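Predicted model follows, preceded by the sequence.
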Amino acid sequence: MGTTATTNTPDVTVIIGAYEAMPYLVRCLESVEAQTLPAGRMEIVAVDDGSTDGTGEYLEEFAARTAIDMRVVRQENSGGPSGPRNVGLGLARGRYVFFLDADDYFGEEALERMVAMGDRAGTDVILGKVIGVNRGAPKSMWSRTEERVDVHRSKVIYTLSAQKLFRRDLLERIGLRFDERLETGEDALFTMEAYLRGAGVSVIADYTCYHLVGRDDGKHATKRGSYVLRFDAMEAMMALIHRLEPAGPKRDFLMVRPFTVGMLQQFTPGLLKQPEEEQRHKMELAAPLMRSYWTNGVARKIKVAERLRLACVARGRLDLLADVLEFLRAKKVPDLVSSDKGDKLFLAYPHFRDEEAGLRDADYQVTVPDWHGTDRVTRPKRILRSAPEQPSTPRRIVRRLRRELRGWRARLSTS
């Protein structure tokens with residue numbers, strides 16, 4: 001137990017779930033103590049999830065000397081980040097909460113800036129710019145600072161990690177907690193629901209609020225879980241979006257996220273190196289999700305190379321998918337084909353207009369900004385007016401031989 005909590009409501013409760021977090025925890029806690037937000041306006045709730053490396057002891061030592069109100073909970077290992085975060089949320093008193101991973105650390109002005117933004121804009125979720133340290137981090141959503149973004153048009157759906165400022169009143173009012181049944185993707189589910197059920201989302205892009213650290217020991221939580229668990233996470237996300245968002249273009253926009261950052265990642269060219277049994281198992285896991293959630297509206301919001309792979313998965317055609325993946329792995333550039341009227345463009349990846357494959361022209365049509373090699377598709381330098389010749393199938397070979405045989409017989413009869 002740290003210092004005794006005051007009766008005043010803090011602006012922020014920083015919730016830290018920690019497991020085997022040394023030595024990263026040292027800088028993490030120092031970054032909280034270094035905040036320009038005064039110590040009296042925040043509190044820390046830290047949950048040691050059964051660590052054996054001194055994490056729990058260090059948390060108690062820090063709590064004993066910091067000027068910040070701090071509570072330390074030590075518990076048996078729960079198996080994932082959801083349990084500790086939920087425990088911390090249950091003890092939080094702040095107007096806002098921030099889920100700080102024990103590996104990571106704040107920029108000094110992070111909490112002050114995010115609280116000011118939330119209070120000024122009246123929003124329930126505030127995103128502070130994130131950069132990676134020894135790892136990658138999302139970038140597309142940090143183009144500009146905005147007091148209020150439209151979730152149905154914004155890139156914020158591509159950052160669904162829990163490291164954000166959430167208004168605690170929203171979380172309590174809707175009873176939002178992390179799903180402890182999920183072993184991966186639980187933070188994405190939590191954040192998406194807060195986006196959709198809250199009173200708006202703000203973005204701070206002109207100051208680095210959060211440093212996302214890649215651990216040298218490879219024990220970062222995002223590395224956990226087999227592909228089966230990732231399909232479970234996809235299903236939960238797709239079901240959530242369908243439950244909260246009515247059918248239409250807004251839902252289609254949101255559904256692009258689990259299909260491209262989720263489903264598509266299971267069907268990359270790397271699939272070709274995996275055992276055939278695993279390839280087929282992934283197709284089986286994907287089948288019910290494709291039947292329930294894959295629609296034309298979603299498909300038209302995705303680039304051709306990605307959409308075509310998903311179309312093959314939706315049809316259960318691992319053979320067609322393998323041809324497309326081989327094409328992509330070889331870094332080939334598909335021909336660009338125009339419709340007869342010139343009003344549509346297609347990227348002729350494998351099996352384009354191959355009747356026996358059963359894929360539709362719509363699977364190949366350019367419907368969003370796309371690329372043809374290094375050129376933008378919107379102003380192609382050369383367009384084919386018809387489909388490129390497809391590799392001959394045995395049936396086509398037989399038909400051609402029969403035509404040649406008839407011609408040979410006709411020539412003999414007139415000679």
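Cool, got the structure. Since this is a predicted model, take the numbers as computed values, not measurements.

Quick check, central residue of this structure?
Centroid-nearest residue in the chain: residue 261, 4.1 Å away (criterion: CA atoms, centre = their mean).

That residue is in contact with residue 158, isn't it?
Yes - shown here, residue 261 and residue 158 form a contact pair, counting by CB atoms under 8 Å, at 6.5 Å. Where C-beta positions appear, they are placed from N, C-alpha and C, glycine not excepted.

So the residue nearest to the centre of the chain belongs to a helix, correct?
Yes - under the criterion used here (DSSP: H, G, I helix; E, B strand; the rest coil), residue 261 sits inside a helix.

quick one, what contacts it?
Taking CB atoms under 8 Å, 6 or more residues apart in numbering, we find residue 261 in contact with residue 158.

Recalculate using a threshold of 6 Å.
Contacts for residue 261 were tallied using CB atoms under 6 Å, 6 or more residues apart in numbering; there are none.

next one: the one 5 residues further on
Residue 266 sits next to 227, 282 when contact means CB under 6 Å, 6+ apart.

measure it to residue 243 for me?
Noted for residue 266: a distance of 23 Å to residue 243, by CB to CB, to the nearest Å.

for residue 48, same thing?
Taking CB to CB, one finds residue 48 at 35 Å from residue 243.

who's more crowded, the two?
More neighbours surround residue 48 than the other of residue 48 and residue 243, with 26 against 9 (other CB atoms under 10 Å).

so the more buried one sits in a helix?
No - Residue 48 is assigned strand when assessed by three-state DSSP, not a helix.

nearest spatial neighbour of it, skipping sequence neighbours?
What sits nearest to residue 48 in space, not counting adjacent residues and going by CB to CB, 6 or more residues apart in numbering, is residue 56, at 3.8 Å.

And for that neighbour, the neighbour number?
Neighbour tally, residue 56, other CB under 10 Å: 22.

quick one: it and residue 49 touch, right?
No - using CB atoms under 6 Å, residue 56 is not in contact with residue 49; the gap is 9.2 Å.

could you say what helices and strands the strand or helix carrying residue 236 packs with?
Under the criterion of DSSP states H and E, residue 236 resides in helix 227-244. Applying 3 or more CB pairs under 6 Å, 6 or more residues apart in numbering; DSSP states H and E, one finds that helix 227-244 makes contact with helix 186-197, helix 249-258, helix 276-293.

Name the surrounding residues that touch the second one.
Translated: helix 249-258. With CB under 6 Å, 6+ apart as the criterion, helix 249-258 contacts 152, 157, 234, 237-238, 241, 245, 297-298, 301.

Low-confidence ranges, this protein, go.
1-7, 217-225, 378-415 (pLDDT under 70).

and it, what are its domains?
Here the domain assignment for the chain is 12-179+194-216, 227-395, based on automatic domain parsing.

which of these is buried the deepest?
Across the domains of the chain, the average number of neighbours (mean count of other CB atoms under 10 Å) peaks for domain 12-179+194-216, which reaches a mean of 19.

What is the distance between that domain and the centre of its chain?
19 Å (CA atoms, centre = their mean, to the nearest Å).

Can you give me the first-to-last residue distance of that domain?
Terminal residues of domain 12-179+194-216 are spaced 30 Å apart (CA to CA, to the nearest Å).

same deal with stretch 313-333?
Length of stretch 313-333, first residue to last, CA to CA: 22 Å.

ok, longest strand in this structure?
strand 201-213 (DSSP state E).

for residue 237, what are its contacts?
189, 258.

can you do 8 Å?
185, 188-189, 192, 257-258, 262.

likewise residue 37?
Neighbouring residues of residue 37 by CB under 8 Å, 6+ apart: 11-12, 111-112, 115.

Next: residue 334.
So residue 334 contacts 327, 347-349, 352, 372 (CB under 8 Å, 6+ apart).

next one: residue 170
Taking CB under 8 Å, 6+ apart, one finds 124-125, 176, 194, 197-199 in contact with residue 170.

just checking, what packs against the helix or strand in which residue 90 is found?
Here residue 90 is covered by helix 82-91, with elements defined by DSSP H and E. When contacts are defined as 3 or more CB pairs under 8 Å, 6 or more residues apart in numbering; DSSP states H and E, helix 82-91 packs onto strand 12-18, strand 42-49, strand 69-75, strand 96-99.
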